[in-house]
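Quick one, structure for this:
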Amino acid sequence: MFLKPTSTITNLVVVTALISTLLNNVKLVKAHDHHAANFNINPKEPIDGILKTHIVFMSLAYGLIFPVGLVLGLVKNRWHVLVQSVGTAFSIVGFVLGHMHKGRMFKEGVHSKMAWAMLWLLVAQVVVGIYLRLRLSRFFRDPLRPYLRFAHKWLGVGHFLMSYAQILTGALTWLDFCRGGYLGQCLAHFIMGSSFVGYGVYLLLILKLAGPWLHKFGRSPEFYDSCVIMAWGCFNTFTEHGFVEKANGWSHKDLQHTSMGILWWIGGGFSVFMLRKSGPEVRSMFPAMILAFTGLAMAAHEQSSEFSTKTHFLFGTSLILTGITRCLELLLVSTNTIKEDKKEINPFQYLPVFFLMLSGFLFMGANAQQLELLDNMGIDVGTYGMAIVSLTFLGFLYAVLMMTLYQELDPFGGDAEYESVTNALDSAPVAGNHFDLPPTATPPPNRFSIGGRSSGGEGSSRGNSGGRRSLYEHRPSEDLELAYMKPANHSD
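Sure, this is the predicted structure:
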């Protein structure tokens, strides 16, 4: 058989060794916490080779290896443990190197503090992963397993989101941005810009994977967009003036950003009210109109320099294009010119997603310090705009690759023997029939798969959709876990 006790023990020993190495190096790092020391910090001093290696290792671990491992875990692919173990090793090396470098030093900030939070989150993830890998439910009733599986999955998703923030703050630390009087506007640009990028990824997720899953809640997709817009508008209204730093009077920027927040919460609230009783088949253009009006305001947003004004014009234009293309998409969908139930996505539907992500990257790149640096370097707006468009294509490609990986990957890595053994371990009742299932119980068929493969009965054979998976896919293990969480009814 593919799964043997020795393989589990080997995995346990390897990962335990990684944790032991990590904890031993924590003591070394604490003894060499150069961020808290009073060094003479010179932002113009070059970084050394050790710090460059730290950047490479951490970028690979948190930008590539861990995200791929997360996708492998979501589809229960057998390579999940190996990939995450490699990512953990890269993370350990990168973490230690980040505290051993010479040359340029950095002030203590969010990046260094957040690194410790991510370190302990990684330790917790590895410990829970080892526990789940041992499959103790083969030997006795394990009431913790369903809850730990849930926590392990969502902690992994949270770890991915924290990785994005950590990579972003690392770049800002390297450039020595967002300090002193620049902090407030920097937070506004990067939080709001990241929100636009996240909104674009959300639309792409609905487009490629989660549409059927979202429809089961019985509401219009734009209802959720409107709720987020309304909530974000409330936040913007009360945080754009004097929230981070004490403000002396109202500047035209404060007024415009606050008015944008008012537009969002009133417009979003109106859209929520209009869609409160609408089903999934009802679509609304109001969220797209809110984005378009925001773009009009941002395109006319006067700045302190010509470079900044032109960059904000590009940002506003991109938001206008987002609103227009989104309205056209909804018009084509509502008139059945674009059929949402087809397996192939209409190419036009990618346009609003792309322009929305472009808006986010442009807004993040429009912070004052960055534009001052580029202007002093003699870079023109056209060159900078092309660089941001290229970055958007890269981010779009990254998101599409991760979602395509989720759709196309075989559970269990395409290994028939591994699949049969794993299904047997998941479905076989333990001594005393603790699952409250008949001793001959087999996993129920995949009743709710929409565009995905069934993992019960014929198991891993691909369906008519060519093996593509949607997020609204019921897995047999979910039924088993629900039964497993019920109190057992034993009779001696």
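
tell me the domain ranges of the chain?
The chain breaks down by automatic domain parsing into domains covering 5-175, 182-408, 423-492.

could I get these as TSV with mean pLDDT?
Below are these laid out as TSV (pLDDT from 0 to 100):
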stretch	mean pLDDT
domain 5-175	78
domain 182-408	88
domain 423-492	44
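
okay if I get the ones you listed as a markdown table plus mean neighbour count?
Glycine gets a C-beta too; all of them are placed from N, C-alpha and C. Below are these laid out as a markdown table (neighbours: other C-beta atoms under 10 Å):
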| stretch | mean neighbour count |
| --- | --- |
| domain 5-175 | 16 |
| domain 182-408 | 18 |
| domain 423-492 | 15 |
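
Tell me the helices and strands packed up against the host helix or strand of residue 152.
Per DSSP states H and E: residue 152 is located in helix 145-175. Applying 3 or more C-beta pairs under 8 Å, 6 or more residues apart in numbering; DSSP states H and E, we find helix 145-175 packed against helix 49-60, helix 66-74, helix 110-134, helix 183-205, helix 368-376, helix 476-485.

and the angle for that helix with helix 66-74?
170 degrees (axes from the mean of the first three to the mean of the last three C-alpha atoms, to 10 degrees).

and the gap between the closest residue to residue 58 other than its chain neighbours and residue 409?
Once flanking residues are discounted, residue 58 sits nearest to residue 94: 4.0 Å by C-beta to C-beta, 6 or more residues apart in numbering. Using C-beta to C-beta, to the nearest Å, one gets 27 Å for the distance from residue 94 to residue 409.

Surely residue 344 forms part of a helix?
No: according to DSSP: H, G, I helix; E, B strand; the rest coil, residue 344 belongs to no helix; its state is coil.

right, and the helices and strands packed on helix 145-175 - which one's nearest residue 147?
Residue 147 lies closest to helix 476-485 among the helices and strands packed on helix 145-175, at 8.4 Å (C-beta to C-beta).

Residue 200 reaches residue 360, doesn't it?
Yes: the criterion here is C-beta atoms under 8 Å, and residue 200 meets it with residue 360 at 6.6 Å.

Restricting to C-alpha, output the helix or strand hosting residue 297 in PDB.
Taking DSSP H and E as the criterion, residue 297 maps to helix 286-299. Output in PDB follows, covering the C-alpha atoms of helix 286-299 (Å, rounded to 0.1, in the frame of the first residue of the first chain):
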ATOM      1  CA  PHE A 286     -25.100  50.800  -9.500                       C
ATOM      2  CA  PRO A 287     -21.800  49.500  -8.000                       C
ATOM      3  CA  ALA A 288     -20.200  50.000 -11.500                       C
ATOM      4  CA  MET A 289     -21.700  53.600 -11.600                       C
ATOM      5  CA  ILE A 290     -20.200  54.400  -8.200                       C
ATOM      6  CA  LEU A 291     -16.800  53.300  -9.500                       C
ATOM      7  CA  ALA A 292     -17.200  55.400 -12.600                       C
ATOM      8  CA  PHE A 293     -18.200  58.600 -10.700                       C
ATOM      9  CA  THR A 294     -15.200  58.000  -8.300                       C
ATOM     10  CA  GLY A 295     -13.000  57.800 -11.400                       C
ATOM     11  CA  LEU A 296     -14.400  61.100 -12.700                       C
ATOM     12  CA  ALA A 297     -13.500  62.800  -9.400                       C
ATOM     13  CA  MET A 298     -10.000  61.200  -9.300                       C
ATOM     14  CA  ALA A 299      -9.200  62.200 -12.900                       C
END
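
so what secondary structure elements neighbour it?
Where contact means 3+ C-beta pairs under 8 Å, 6+ apart, helix 286-299 is packed against helix 221-239, helix 252-274, helix 306-334, helix 350-364.

Determine the angle, from 0 to 180 degrees, between the helix holding residue 152 and helix 368-376.
Relative orientation of helix 145-175 and helix 368-376, computed by the same axes, to 10 degrees: 40 degrees.

would you turn the helices and strands packed on helix 286-299 into JSON lines with distance to residue 187?
Below are the helices and strands packed on helix 286-299 laid out as JSON lines (distance: least, C-beta to C-beta, whole Å):
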{"stretch": "helix 221-239", "distance to residue 187": "9"}
{"stretch": "helix 252-274", "distance to residue 187": "12"}
{"stretch": "helix 306-334", "distance to residue 187": "17"}
{"stretch": "helix 350-364", "distance to residue 187": "11"}
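
so which of those helices gets nearest residue 139?
Of all the helices and strands packed on helix 286-299, it is helix 221-239 that lies closest to residue 139, at 43.5 Å by C-beta to C-beta.

Let me know the angle separating that closest one from helix 252-274.
150 degrees.

packing partners for helix 221-239?
Using 3+ C-beta pairs under 8 Å, 6+ apart, helix 221-239 sits against helix 183-205, helix 211-215, helix 252-274, helix 286-299.

ok, and what's touching it?
192, 195, 199, 206, 211, 214, 257-258, 260-269, 271-272, 275-276, 278, 280, 283-284, 286-287, 290 (C-beta atoms under 8 Å, 6 or more residues apart in numbering).

returning to that earlier point: the residue nearest to residue 58: which element?
Using DSSP H and E, residue 94 sits in helix 80-97.

so what does that helix touch, helix or strand wise?
Using 3+ C-beta pairs under 8 Å, 6+ apart, helix 80-97 sits against helix 5-30, helix 49-60, helix 66-74, helix 110-134.

Give me the angle between it and helix 110-134.
Calculated by the same axes, to 10 degrees, helix 80-97 forms an angle of 150 degrees with helix 110-134.

and helix 80-97 with helix 49-60, angle?
Orientation of helix 80-97 against helix 49-60 (the same axes, to 10 degrees) gives an angle of 150 degrees.

who touches residue 359 in this structure?
193, 196, 295, 315, 318, 319, 322.

now swap in residue 392 and tell me
Listed by C-beta under 8 Å, 6+ apart, the contact partners of residue 392 are 354, 357, 358, 361.

Distance of it relative to residue 229?
Residue 392 is 21 Å from residue 229, by C-beta to C-beta.

And residue 344, by the same measure?
Noted for residue 344: a distance of 30 Å to residue 229, by C-beta to C-beta.

Same question for residue 346.
As judged by C-beta to C-beta, residue 346 and residue 229 stand 25 Å apart.

One more: residue 127?
The gap separating residue 127 from residue 229 is 39 Å, by C-beta to C-beta.

rewinding a little: for residue 111, which of the helices and strands packed on helix 286-299 is the nearest?
The closest of the helices and strands packed on helix 286-299 to residue 111 is helix 350-364. By C-beta to C-beta, the value is 16.4 Å.

Not counting its neighbours along the chain, what's nearest residue 197?
Closest to residue 197 by C-beta to C-beta, 6+ apart is residue 360, at 3.5 Å.

try residue 324
residue 292 (6.4 Å).

What of residue 151?
residue 128 is the one closest to residue 151 (C-beta to C-beta, 6+ apart), at 6.6 Å.

same question, residue 370
In space, residue 370 comes closest to residue 177 once its chain neighbours are excluded; the distance is 6.7 Å by C-beta to C-beta, 6+ apart.

Tell me the secondary structure at the one you found.
Three-state assignment for residue 177 (three-state DSSP): coil.
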